[in-house]
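In: Build me a structure from this.
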Amino acid sequence: MNKNQSLPWDHPRFKSWITVARACQLMQTVLTRELAPLDIKPPHLDILINLYRFEAISQQELARKLLVGRSNISMTLPQMEKRGLIERRGDKRDKRVLRLFLTEEGRRITVEAMSIQTALIDRILSATPIEQCLAIAEDMERVVGALQAEIVEDAEPG
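Out: Here you go, the predicted structure:
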């Protein structure tokens, strides 16, 4: 690095970038601890919540919503199915497609896990006014949009 080149920590936006990354990492750590009594981890919760909201979603649609590859989903779903949390059923119109459903146990665990997650969010953000929470969410949505645009650009043939 030469003398004229700025270091990352000298960049005025670096602190917010690092703080968001640290908050995300710490949130995952705390949420993992909080969900341990249910024997699920945050990635399982993401799947369960999506199945709770979008019953009969396909594996491909779920992967798209979670921003992960289908192979990541394909590795996790059999474990969840074996535990009796989800069911995979063939699509009536297209036999190549598997639809995902929560079992009764899966629905019970999801409701309990959402309560745990909501209580954690309330605890951590209780001192932050709702207006500020909404402003932070708007800012993060802009960041998400910019990052998604970067991914789309990388995927386009050039």
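In: Find the nearest non-adjacent residue to Leu125, please.
Out: Once flanking residues are discounted, Leu125 sits nearest to Cys133: 5.9 Å by Cβ to Cβ, 6 or more residues apart in numbering. Quick note: C-beta positions are derived from backbone N, CA and C, even for glycine.
In: for the helix or strand harbouring that neighbour, packing partners?
Out: In the assignment (DSSP states H and E), Cys133 maps to helix 130-155. For helix 130-155, not one helix or strand is in contact under the criterion 3 or more Cβ pairs under 8 Å, 6 or more residues apart in numbering; DSSP states H and E.
In: Just the mean pLDDT for that helix, thanks.
Out: Mean pLDDT, helix 130-155: 89.
In: can you check stretch 21-33 too?
Out: Model confidence over stretch 21-33 averages 96 on the pLDDT scale.
In: Show me the contact partners of that stretch.
Out: With contact meaning Cβ atoms under 8 Å, 6 or more residues apart in numbering, stretch 21-33 is reached by 41-42, 45, 116-117, 120, 124.
In: Quick check: what element follows the helix or strand containing Thr29 along the chain?
Out: Following DSSP H and E, one finds Thr29 within helix 14-35. Once helix 14-35 ends, the next helix or strand along the chain (criterion: DSSP H and E) is helix 42-53.
In: is Ile57 in a bridge, and if so with what?
Out: Leu100 (DSSP bridges).
In: ok, it to Ile86 distance?
Out: From Ile57 across to Ile86, the span is 11 Å (Cβ to Cβ, to the nearest Å).
In: Counting neighbours, go ahead and name the busier of these two.
Out: Between Ile57 and Ile86, counting by other Cβ atoms under 10 Å, Ile86 is the more crowded of the two (23 against 18).
In: Give me the below-cutoff pLDDT ranges for the protein.
Out: The chain contains residues with pLDDT under 70 at 1-5, 153-158.
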